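Asker: Fold the following and give me the result.
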Amino acid sequence: MRPPELHRRIPLPSAFFAVLCAYAFSLPVKAVDYVKDIKPLLKERCISCHGTVKQKGDLRLDAGALIQKGVHHDLLERIASTDEDERMPPEGKRLSAEQIELLRQWIASGAPFPQDEVIPKKPSEHWSFQPVQSPPLPASAFTHPIDAFVFGKRDAAPQANPLALLRRVHLDLTGLPPTIQEQERFAKSGELNAVIDDLLVRSEYGERWARHWLDVVRYADSNGYERDAEKPFVWRYRDYVIESLNQDKPFDRFVMEQLAGDEMPDRSVASVIATGFLRLGHWDDEPADPAADRYDQLDDIVSTTGQAFLALTIGCARCHDHKFEPLATRDYYSLIAVFNPLQRPAKGRTELTLPVEGTEVYAWREPFAKAPETHVLVRGSPTRFGDLVEPAVPAILVKQQPQFPSGEKTTQRRLGLARWIASEQNPLTARVMVNRVWQQHFGQGLVTTANDFGLMGAAPSQPELLDWLAHWFMHDVRWSLKKLHRLILTSRAWQMSKSTDSLMCYRRLEVEAIRDSMLAVSGQLNPKRFGPAMKPGIPKAALEANTDKEKVWQPSDEREASRRSIYAFIKRGLVIPMLETLDLADTVSSCPQRQVTTVAPQALSLFNGEFVNQQARHFAARLQREAGNDPEKQITLAWKIAFCREPTRDEMAEMRMFLQDQPLEQACRVILNLNEFVYPE
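Answerer: Presented below is the predicted three-dimensional model:
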């Protein structure tokens, strides 16, 4: 803390100009552009302490009008000071001589700024902190509510080709291309809505969409760090997510089970398994500092909870008040207090499970109803205790704190938090989940920063639509994800052709959908569901750096390894090369959206990798079985299976010419590497 006298507020123009006249106005004045030169500098170096969130010394520097009303009398002196206790900004590099001169010249010229400059709103006025409203539908020729918001009174772009839509919806909902039989059935009926309804009740839907949620909750099958031991029975959590989605479990219930399934009145084996969410993070089984490690584990839970359900970067307030968001250190440790009663079952370096009605469950345990004290840690240090805190949610989000009940067997603190997060009074949870679903269907969310709805996150491109969807999701369909999918997929906005000016982003399929599609078209996909993870074969070169090359990865047989990719073992210290090369999600922290990179190893993996060559051989054998030896029939069948269409005249000619010199297996390898195969359309 700086002495109070250094933060005296002296208004312009009296004292401020009295101090600066000799310094500023005695030097030549140059033209300085506030928007180009001054505002970016203040934003980069000053507003974390003197902006909308914080106003140290009662000073705001995030708008020209505010600066004129309250500039400190010693602004330039503090910026130019060589005294480490005096200089501003107090952290990081000093301002350069050129930057100081820009500020001096700007002030000397009267500190001009655009009169139409927008003054940032107070944090409490931020859009995502406001109650969810249900705005009226705009006047439109479209009766579908999404289309009414998206298009208004203008016309929509043309609808995509029906077979292209069929392939798109299959890949969207199941991650698998439509079979020949499904294509023929659709060609007769043309009923896309019936296809959507059919896909939503298939088991493959849960396997596809569970992977999106597993990205958000940083799922992996091992702990990471040096030993990277397997998490025992963690796959039960993965199966819980798949089953919950297939059952269309209301999302508010889904949230509550993961945070406090063991504390719910109707507690079940499944709800306890759901709390595995809290234990999915990486874990150091031999920490150098056990006290710091304990808070690292709690930080993982608080940070992931904040991002997954609230889209808030609350973890940044661990050591100090958040620099850019209205989240105080006290807010952070109030959430730590919610989870502090948890204990990790372990015996030395070995993790233990919890017995729950005879199945073993990978979860924390809360053995006592009395909670330990939780203190703010000064600068995040586990040896420097500050103020005592009680359970609470971030103050910016509530006018009155929710109740945190006390229990007989556990503290019930997590249940209190879960009830608030999953409530209609919370302005964030429904908006966040609706945005995640929109992002997966369109390639980009209405809010492009899916894990950050705070002041530094992106504003929604269509705020009225986002609010309408969130309100509809909570009130009209009672948190039903399947009904949300159906609403989106039946809109003209989603069914538009990507070749026109549509909302759709061209986006490569995730690696799991690419791998699963290859297995599907080759005829090798093993439909086995649930249970322990399988381990596909990986190149020996990937094992060379491991100290235990013989035991670190025992591959499954080909049949077991041909299961869907969601059942593949995700080892943090040894990621399956094909998955890693094609942008598997980060498993250390919550992943809001997959990166989509384009690098040379991807082409090598898809063209020369053993898995792809293996599937090309199976694909060729399938074509010979089903189409005989006629090259034209083989090519036609291959196109229908892989692309949901017949080949064009030019494609047929080129492939027939190719088959004159190359075996069918090589033609199949080419097909699996075409852009059309790895893009939904």
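
Asker: Could you use CA atoms for every contact and neighbour count after this?
Answerer: Noted.

Asker: what's the helix or strand for residue 478?
Answerer: Here residue 478, judged by DSSP states H and E, is contained in no helix and no strand.

Asker: I figured it hits residue 249, correct?
Answerer: No - Residue 478 lies out of contact with residue 249 (C-alpha atoms under 8 Å); the separation is 10.1 Å.

Asker: residues in contact with residue 580?
Answerer: Residue 580 makes no contacts at all, as judged by C-alpha atoms under 8 Å, 6 or more residues apart in numbering.

Asker: which element is it on?
Answerer: Counting by DSSP H and E, residue 580 is part of helix 577-581.

Asker: The next helix or strand along the chain from that helix packs against which elements?
Answerer: Once helix 577-581 ends, the next helix or strand along the chain (criterion: DSSP H and E) is helix 600-608. Helices and strands touching helix 600-608, by 3 or more C-alpha pairs under 8 Å, 6 or more residues apart in numbering; DSSP states H and E, are helix 577-581, helix 610-627, helix 664-672.

Asker: Pick the most buried one from the ones you listed.
Answerer: Compared across those, helix 664-672 shows the largest average neighbour count, a mean of 21 (mean count of other C-alpha atoms under 10 Å).

Asker: Which elements pack onto it?
Answerer: Using 3+ C-alpha pairs under 8 Å, 6+ apart, helix 664-672 is in contact with helix 600-608, helix 610-627, helix 631-643, helix 649-661.

Asker: now do 7 Å
Answerer: Counting contacts by 3 or more C-alpha pairs under 7 Å, 6 or more residues apart in numbering; DSSP states H and E, helix 664-672 is packed against helix 610-627.

Asker: Return the residues in contact with residue 246.
Answerer: 201, 203, 205-206 (C-alpha atoms under 7 Å, 6 or more residues apart in numbering).

Asker: now those: which count as buried?
Answerer: 203, 205-206 (16 or more other C-alpha atoms under 10 Å).

Asker: Okay, and which of those residues map to helices?
Answerer: 203, 205-206 (DSSP state H).

Asker: For residue 99, grab the count of nearby residues.
Answerer: Counted with other C-alpha atoms under 10 Å, residues neighbouring residue 99 total 15.

Asker: what about residue 400, distance to residue 413?
Answerer: Residue 400 sits 17 Å away from residue 413, taking C-alpha to C-alpha, to the nearest Å as the criterion.

Asker: higher neighbour count, these two?
Answerer: residue 413 (25 against 9).

Asker: Please, where are all the helices along the stretch 201-350 of the chain?
Answerer: 203-216, 235-246, 251-260, 269-274, 290-305, 329-339 (DSSP state H, counting those that start in this stretch).

Asker: Comparing the ones you listed, which comes out most buried?
Answerer: For the helices of the stretch 201-350 of the chain, where neighbours mean mean count of other C-alpha under 10 Å, the stretch averaging the most is helix 329-339, with a mean of 26.

Asker: Which helix or strand in the chain has the lowest average pLDDT?
Answerer: helix 14-20 (a mean of 38; mean pLDDT, DSSP states H and E).

Asker: And residue 167, how far from residue 161?
Answerer: 10 Å.

Asker: what residues does stretch 521-534 touch?
Answerer: 235, 239, 519, 556, 559-563, 567-569, 615, 618-619, 622, 641-642.

Asker: So which bits of that stretch are buried?
Answerer: In stretch 521-534, counting by 16+ other C-alpha under 10 Å, buried: 521-522, 524-526, 530, 532-534.

Asker: Stretch 315-331 now?
Answerer: Residues 315-331 are the ones in stretch 315-331 that count as buried (16+ other C-alpha under 10 Å).

Asker: Excluding chain neighbours, what is closest to residue 84?
Answerer: Spatially, and ignoring its direct neighbours in sequence, residue 84 is nearest to residue 90 (7.5 Å; C-alpha to C-alpha, 6 or more residues apart in numbering).

Asker: nope, residue 287 is what I was after
Answerer: In space, residue 287 is closest to residue 293, 6.4 Å off (C-alpha to C-alpha, 6+ apart).

Asker: Would you agree residue 61 is in contact with residue 48?
Answerer: No - look at residue 61 against residue 48 with C-alpha atoms under 7 Å: they stay out of range, at 9.7 Å.

Asker: tell me the pLDDT at the spatially most central residue of the chain?
Answerer: Among the residues of the chain, residue 592 comes closest to the average C-alpha position under C-alpha atoms, centre = their mean, at 1.1 Å. What the model reports as pLDDT for residue 592 is 97.

Asker: Would you check that it makes contact with residue 450?
Answerer: Yes - contact between residue 592 and residue 450 holds when scored by C-alpha under 7 Å: they sit 5.6 Å apart.

Asker: in which helix or strand would I find residue 515?
Answerer: Per DSSP H and E: helix 511-522 holds residue 515.

Asker: Now do that helix, average pLDDT.
Answerer: pLDDT averaged over helix 511-522 gives 98.

Asker: got it, and stretch 439-450?
Answerer: Rounded mean pLDDT across stretch 439-450 is 97.

Asker: what comes up buried for that stretch?
Answerer: Those would be 439, 441-450, for stretch 439-450 by 16+ other C-alpha under 10 Å.

Asker: Repeat that for stretch 458-465.
Answerer: Here stretch 458-465 shows 459-460, 463-465 as buried, counting by 16+ other C-alpha under 10 Å.

Asker: just stretch 373-391 next, same as before
Answerer: Buried, per 16+ other C-alpha under 10 Å, within stretch 373-391: 374-378, 380, 382, 389-391.

Asker: and those as TSV, adding distance to residue 276 and secondary structure?
Answerer: Output for these, formatted as TSV (distance: C-alpha to C-alpha, whole Å; DSSP: H, G, I helix; E, B strand; the rest coil):
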residue	distance to residue 276	secondary structure
374	23	strand
375	26	strand
376	26	strand
377	27	strand
378	30	helix
380	26	helix
382	26	coil
389	26	strand
390	24	coil
391	21	coil
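
Asker: Show me which of the residues you listed is closest to residue 486.
Answerer: Nearest to residue 486 among the buried residues of stretch 373-391: residue 391, at 38.3 Å, using C-alpha to C-alpha.

Asker: List the contacts of the closest residue to the closest one other than its chain neighbours.
Answerer: Nearest residue to residue 391 in three dimensions, chain neighbours excluded: residue 334, at 4.7 Å (C-alpha to C-alpha, 6+ apart). Shown in contact with residue 334 (C-alpha under 7 Å, 6+ apart): 389-393.

Asker: And residue 334, what's its pLDDT?
Answerer: 98.

Asker: gap between it and residue 111?
Answerer: With C-alpha to C-alpha as the criterion, residue 334 and residue 111 are 42 Å apart.

Asker: And residue 225, by the same measure?
Answerer: 53 Å.

Asker: Residue 52 too?
Answerer: 20 Å.

Asker: Those two: which is more packed in?
Answerer: Ranked by neighbour count (other C-alpha under 10 Å), residue 52 and residue 111 place residue 52 first, with 23 against 17.

Asker: follow-up on the earlier one: so which of the buried ones among the contacts of residue 246 would you say is closest to residue 509?
Answerer: residue 205 (15.6 Å).

Asker: re the thing from before, taking the buried residues of stretch 439-450, tell me the two that lie furthest apart.
Answerer: Largest pairwise distance in these, by C-alpha to C-alpha, is 15.5 Å, between 441 and 449.

Asker: contacting residues for residue 490?
Answerer: Contacts of residue 490 (C-alpha under 7 Å, 6+ apart): residue 193.

Asker: With the one 4 residues further on instead?
Answerer: With contacts defined as C-alpha under 7 Å, 6+ apart, the neighbours of residue 494 are residue 488.

Asker: pLDDT (mean, whole number) over the strand or helix carrying it?
Answerer: Residue 494 belongs to helix 492-495 when elements are defined using DSSP H and E. Across helix 492-495, pLDDT averages out at 94.
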